[in-house]
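>>> Let me see the structure of the following:
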Amino acid sequence: MNTPDILRLEDSFQIPTYAKYPIALERGEGIYVWDTDGNRYLDFYGGHCVTLLGHCPPRVVEAVQAQAATLMFYSNVVYSPVRARAAALLASMAPEGLRHVFFCNSGTEANETALKLARTWTGKPGVIATEGGFHGRTLGSLAVTWNPKYREPYAAVLPETTFVPFGDADAVARVLAGRNDIGAVILEPIQSMAGVTEAPPAYFEELRRLCDRHGVALIFDEVQTGVGRTGTFSIAEQLGVRPDLITLAKSLGSGVPVGAVLVADAIAATVKPGDQGTTFGGGMLAMAAVTATLETIRDEALMARAEAIHARLATALAPHVRAVRGRGCLLGLVLDGPARPVIARLREAGILAGGADDPNVLRLMPPLNTPDDALDTFIETFLAVYQDEAVPGA
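Purely as a prediction, here's the structure:
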């Protein structure tokens, strides 16, 4: 099929999801993808912050192929050597005190599970979430997602959530002082979809103190920041704060659907068989991908590469944009005008980048193993596109 046929076929039979780029991708290798017309793109978007090792990393491909030829699936009703290895490796890389794991299939599922665990552990149903936060599209996760365009169609059936400004610990303190039914505080340590917005370490330290004082579980949604993307396995290690639950997905399986919750020892000790369940979570193919992904990150010391990538991009781009936000391989470029035309022009020039709920923010999510020459290609192309007077807002 040619590209117009592919676009027409998908649009005819698939329920709409996103406003799609007008390209059909058929192959990927490393930092590049190719469309059905043979055009090559440098991928700094990664399909929503997923391809932390680039496309089709050899070690992951080999592990999935070998597992598919051995045993593709059996549920958690049996033990599995590949699941045991994945759980042990993930636990070994997790922050101290968070070395129990629940595997699921996606980020929203991980957040649903974390909220359930927090409610059961504390015995309190209330949740505090942050303005600007995004946690998923299923009903529990949607209830703690800020953007009204996602929540409003389902408001009548969503659990109640109290939203406070991101970065404002005093607002959390006021809610906790006035209510005794709050069981969880959930937030993204860097709000990616909101525009890669950040808060200082002191904010997270105060949240930890408040949660301890009031018997509240602190949940870090690290679906985008986790698995080493920001330079440490969990950004909590950089912030000097240990949450009670950490949710992971996206980068964890190098593109194979998988999610996980890292659970504090005290919470894990209260979970009994039957409290949680999943048919496909912890499936053999996903576990093979997780193990190979984590081994690659560990053995090639790729987390250390995140800071160098960020520094090279930020140093070159900061003088030309309003701000460079984020850490490691999660960056937000704050532009003088709308990012959408810049993203489109970059795509025409052979580079994929992403937008955000903030229309003036362009998001970059390059792989940890992106070489310097590819970073320089992006810098040169972006500056040429952004400084072109034909680009609105440039």
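
>>> Quick check: nearest residue in space to Ala66, chain neighbours excluded?
Computed as C-beta to C-beta, 6 or more residues apart in numbering, the closest residue to Ala66 that is not its neighbour in sequence is Ala288, at 7.2 Å. Every C-beta, even on glycine, is put in place using the N, C-alpha and C of the backbone.

>>> Which secondary structure elements does the helix or strand containing that neighbour sit against?
For Ala288, the element it lies in under DSSP states H and E is helix 284-299. Helix 284-299 sits against helix 58-68, helix 81-93, with contacts defined as 3 or more C-beta pairs under 8 Å, 6 or more residues apart in numbering; DSSP states H and E.

>>> Throw those helices into CSV and include mean pLDDT, mean neighbour count and distance to Cys329, thanks.
Output for the helices and strands packed on helix 284-299, formatted as CSV (pLDDT from 0 to 100; neighbours: other C-beta atoms under 10 Å; distance: least, C-beta to C-beta, whole Å):
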stretch, mean pLDDT, mean neighbour count, distance to Cys329
helix 58-68, 98, 17, 17
helix 81-93, 98, 18, 17
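
>>> Format the ones you listed as CSV; extra columns: distance to Ala129.
Rendered in CSV, the data for the helices and strands packed on helix 284-299 read as follows (distance: least, C-beta to C-beta, whole Å):
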stretch, distance to Ala129
helix 58-68, 33
helix 81-93, 26
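
>>> sorry, back to before: quick check: next helix or strand after the helix holding Ala288?
Helices and strands here follow DSSP H and E; after helix 284-299, the next one along the chain is helix 303-317.

>>> rewinding a little: and the helix holding Ala288, how far out from the chain middle?
Relative to the mean C-alpha coordinate of its chain, helix 284-299 is positioned 17 Å out (C-alpha atoms, centre = their mean, to the nearest Å).

>>> Identify each buried residue in the least confident helix or strand in the chain by mean pLDDT, please.
Sorting the helices and strands of the chain by mean pLDDT, DSSP states H and E puts helix 148-151 at the bottom, at a mean of 92. Of the residues in helix 148-151, those scored as buried under the neighbour-count criterion (16 or more other C-beta atoms under 10 Å) are Arg151.

>>> got it, and stretch 338-350?
338-339, 341-343, 345-347, 349.

>>> who touches stretch 154-172?
Defining contact as C-beta atoms under 8 Å, 6 or more residues apart in numbering, one finds that stretch 154-172 is touched by 125-133, 139-140, 142-144, 146, 151, 175, 179, 182, 185, 187, 191, 194, 197, 199-200, 202-203, 206-207, 210.

>>> got a pLDDT number for the residue nearest to Ala66?
Confidence per residue is given as pLDDT, and for Ala288 that number is 98.

>>> mind listing the strands for the chain?
25-29, 32-35, 40-43, 100-104, 126-130, 162-164, 182-187, 217-221, 245-248, 259-263, 323-327, 330-334, 351-352, 361-364 (DSSP state E).

>>> mind putting those strands in a markdown table, mean neighbour count and distance to Thr315 included?
What follows is the strands of the chain, written out as a markdown table (neighbours: other C-beta atoms under 10 Å; distance: least, C-beta to C-beta, whole Å):
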| stretch | mean neighbour count | distance to Thr315 |
| --- | --- | --- |
| strand 25-29 | 14 | 28 |
| strand 32-35 | 18 | 24 |
| strand 40-43 | 20 | 19 |
| strand 100-104 | 22 | 37 |
| strand 126-130 | 24 | 30 |
| strand 162-164 | 17 | 34 |
| strand 182-187 | 26 | 29 |
| strand 217-221 | 28 | 28 |
| strand 245-248 | 29 | 30 |
| strand 259-263 | 28 | 33 |
| strand 323-327 | 21 | 9 |
| strand 330-334 | 24 | 12 |
| strand 351-352 | 21 | 19 |
| strand 361-364 | 26 | 14 |
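
>>> quick one: which of these is nearest Gly282?
strand 100-104 (3.8 Å; C-beta to C-beta).

>>> For Ser75, which non-adjacent residue is spatially closest?
Using C-beta to C-beta, 6+ apart, the closest residue to Ser75 is Thr279 (5.3 Å).

>>> correction: Arg213
Counting by C-beta to C-beta, 6+ apart, the nearest residue to Arg213 once its immediate chain neighbours are dropped is Leu176, at 7.8 Å.

>>> Filter the contacts of stretch 154-172 down to the buried ones, ChimeraX style.
Selecting the buried subset of the contacts of stretch 154-172 in ChimeraX, with 16+ other C-beta under 10 Å as the burial test, is done by:
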select :126,127,128,129,130,131,132,133,140,142,143,144,146,151,175,182,185,187,191,194,197,199,203,206,207,210
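
>>> now the strands of the chain as JSON lines including mean pLDDT?
Written out in JSON lines, the entries for these read as follows (pLDDT from 0 to 100):
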{"stretch": "strand 25-29", "mean pLDDT": "97"}
{"stretch": "strand 32-35", "mean pLDDT": "98"}
{"stretch": "strand 40-43", "mean pLDDT": "98"}
{"stretch": "strand 100-104", "mean pLDDT": "98"}
{"stretch": "strand 126-130", "mean pLDDT": "98"}
{"stretch": "strand 162-164", "mean pLDDT": "98"}
{"stretch": "strand 182-187", "mean pLDDT": "98"}
{"stretch": "strand 217-221", "mean pLDDT": "98"}
{"stretch": "strand 245-248", "mean pLDDT": "98"}
{"stretch": "strand 259-263", "mean pLDDT": "98"}
{"stretch": "strand 323-327", "mean pLDDT": "98"}
{"stretch": "strand 330-334", "mean pLDDT": "98"}
{"stretch": "strand 351-352", "mean pLDDT": "98"}
{"stretch": "strand 361-364", "mean pLDDT": "98"}
